[in-house]
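[1] Turn this into a structure:
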Amino acid sequence: MFLPRLLLLPLAAASLSATLTVTEVEGPPTGPNVRIQQLERDEFGPTSFRFYASRQGPPTKTDDWVYRQHEGEANGTEAHYYFRDRDLGQTFLVGDEGFALSAITVRLQPVDVKKADPTGAKVSLQLMRVTGTPRFNANGTTATLAPNGTSSYADHAADFPQFADEFTPYSNAQWSTYATDWPHDPGDENTPKRWPIMHYSDDFIEGEHYEHLALFSGGVVPADLTTNDYLRWEIAPEARPVLEPHTRYAILFLFDEPAPPGVNRNIPLSNRNVVPGGALTDPYPDGHAIRRDGASTRREDVFIRDLNDPTDVAASRDAASFPADVAARLAIPPGTLGYPDVDTYRDFYFIIEGDPLL
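    Below you'll find the predicted structure:
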C-alpha cells in the first residue's frame, strides 16, 4: 500500500477528488487498528457542526448578561447576535508509534437530528498539526468576583432560596454560556452544586497554533440518521497521511456548502464536558474539543448593542457567517471559544483508526 509521508493539499483546493467516505456503522470500531479513542459522553449538552444560508433579517438570539456584567443590571441593555456557523473537531496526541490515518468515527448526541435533516449534504474532514503550549484564559471571571468587582452571589441566592445555605460567592460568565440555566442537580456525577463553578464556562485556551495539512472531501451524509448513530469518516487508501509519533494533530468536521434558505443543516456530536471543580477528571487529557465558530469570535463583532445601528448589525452578521471562499474559511484558526458554547473542557466521543506503517 502506498502511504504518503504527508498529504499537503493547498488551502485553495475547494473541490477535491473523492478522498472521503462517510457511512453509518453499527457501533464503535474495535481491533488492532484503533489507535486513539475517547468513549465517554454526557446525556445532555448537545453541540453540533453546522452551515446555514446567508442570514437575512434581524438577529435571532439574545443575551442579557453581556452588558450587565460590565455596566450593571440597571442599564437594561440586552445584547443580540446571530445564529453562528460552526465546524467542530478534536485535538489528539499520537503515541509512540506513527500510523497512516484511515478513519475517524463519532457518535451522534442524544437529540432529534431529523429536525436538521442533513441527508445528502456534502462534508469534508480537515487535518491540522497543532503546536505551541496551551494556556487557559479565564476571560476575566473568577470564583469570587464578577468582572465589575461585585459578587454575583446575591443574584442566584435570591433566585433559588431553597439552596441559599449551599451557595458560595461566584461569578457569572461573560455571556449566557451553555451553563446559564444550570440548577443544582444531585444527579450530576461531576458537579451537583453547579453555580459556584459557573465562571469556568467562558474560559478559553490560548497558545496553540494550527497548521493546515489536508482537506479530505467527497463525503455525503447518509439518510435517516437518528440519536446514538455512529458515523465513520474513512479516508481513501491512496490519500491516507502518515501521522508522526509524539505529535499533536487536530481534525475538524465540515459541511461543504450552506443549507438552502429556511433549512437547518447541522449534526450534533456526543461529547463529555468535565468542568473543573467537580468530582470527575478529564477523560482525554491529551487533547480537547475545538471549533471554528463563525468568521470572528471577538466580542465586539459577535454582539449587537444597538439594533438600529446598521454597522453594528452587519458586523454581527458577518462574524456569524463562514466566508463563501473555502480557502478563506480554512484559514480561520479554530480554538475553544464560541457563542454560546465553549469547548475548553470538552472532549468528543471519537475513535481514530490507522494502518500500520510498513
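[2] From now on I want contacts and neighbour counts done on CA atoms only, so please keep to that.
    Will do.
[3] low pLDDT regions in the chain?
    For the chain, applying pLDDT under 70 flags the ranges 1-17, 68-76, 111-112, 114, 143-171.
[4] Need the residue closest to the centroid of it.
    Centroid-nearest residue in the chain, with C-alpha atoms, centre = their mean: Arg291, separated by 3.9 Å.
[5] how far away is that one from Val302?
    Arg291 sits 16 Å away from Val302, going by C-alpha to C-alpha, to the nearest Å.
[6] and the longest helix along the chain, what does it pack onto?
    Criterion DSSP state H: the longest helix present in the chain is helix 310-320. Judged by 3 or more C-alpha pairs under 8 Å, 6 or more residues apart in numbering; DSSP states H and E, helix 310-320 is in contact with helix 299-302.
[7] Give me the residues contacting the helix it packs on.
    Here helix 299-302 makes contact (C-alpha atoms under 8 Å, 6 or more residues apart in numbering) with Tyr81, Tyr82, Ser296, Asp312, Ala315, Ser316, Arg317, Ala319, Ala320.
[8] Then stretch 324-337?
    For stretch 324-337, using C-alpha under 8 Å, 6+ apart, the contacting residues are 11-14, 202-206, 209-210, 212, 289-293, 295, 297, 322-323, 342-344.
[9] In strands, which of those appear?
    Phe204, Ile205, Glu206, His209, Tyr210, His212, Ala289, Ile290, Arg291, Arg292, Asp293 (DSSP state E).
[10] For the contacts of stretch 324-337, which ChimeraX command selects only the ones that are buried?
    Isolation of the buried members of the contacts of stretch 324-337 (16 or more other C-alpha atoms under 10 Å) is achieved in ChimeraX through the command below:
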select :11,202,203,204,205,209,210,212,289,290,291,292,293,295,297,322,323,342,343,344
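[11] Just the buried subset of the contacts of helix 299-302, please.
    Judged by 16+ other C-alpha under 10 Å, buried ones among the contacts of helix 299-302: Tyr81, Tyr82, Ser296, Asp312, Ala315, Ser316, Arg317, Ala319, Ala320.
[12] Specify the beta-bridge partners of the residue nearest to the centre of the chain.
    Leu88, Gly335 (DSSP bridges).
[13] so it sits right up against Gly89, yeah?
    Yes: Arg291 lies in contact with Gly89 (C-alpha atoms under 8 Å); the separation is 6.1 Å.
[14] which residues do these two both contact?
    Counting by C-alpha under 8 Å, 6+ apart, the shared contacts of Arg291 and Gly89 are Leu252.
[15] Would you mind giving the secondary structure of the nearest residue to Glu234 once chain neighbours are set aside?
    Spatial nearest neighbour of Glu234, excluding adjacent residues (C-alpha to C-alpha, 6 or more residues apart in numbering): Ala103 at 4.2 Å. What DSSP: H, G, I helix; E, B strand; the rest coil gives for Ala103 is strand.
[16] Pull the most distant pair out of the buried ones among the contacts of helix 299-302.
    The distance between the two most remote of the buried ones among the contacts of helix 299-302 (C-alpha to C-alpha) is 13.9 Å, for Ser296 and Asp312.
[17] of the contacts of helix 299-302, closest to Arg135?
    Ser296 (20.4 Å).
[18] Please determine how far the closest residue to the closest one other than its chain neighbours is located from Gly278.
    Using C-alpha to C-alpha, 6+ apart and skipping the chain neighbours, the partner closest in space to Ser296 is Ala319 (4.7 Å). The gap separating Ala319 from Gly278 is 34 Å, by C-alpha to C-alpha.
[19] what's the answer for Tyr82, then?
    32 Å.
[20] quick one: contacts for Asp42?
    Ser270, Asn271, Arg272, Asn273.
[21] Let's verify it: helix, strand, or coil?
    Quick answer, by three-state DSSP: Asp42 is coil.
[22] Equivalent analysis for Pro258, please.
    Relying on three-state DSSP, one would call Pro258 coil.
[23] isn't it right next to Arg55, touching?
    No: in this structure Pro258 lies outside contact range of Arg55 using C-alpha under 8 Å: 10.9 Å.
[24] What is the burial count for Ala328?
    13 (other C-alpha atoms under 10 Å).
[25] Next secondary structure after the helix or strand that contains it?
    Following DSSP states H and E, one finds Ala328 within helix 326-330. Using DSSP H and E, the helix or strand that follows helix 326-330 in sequence is strand 346-348.
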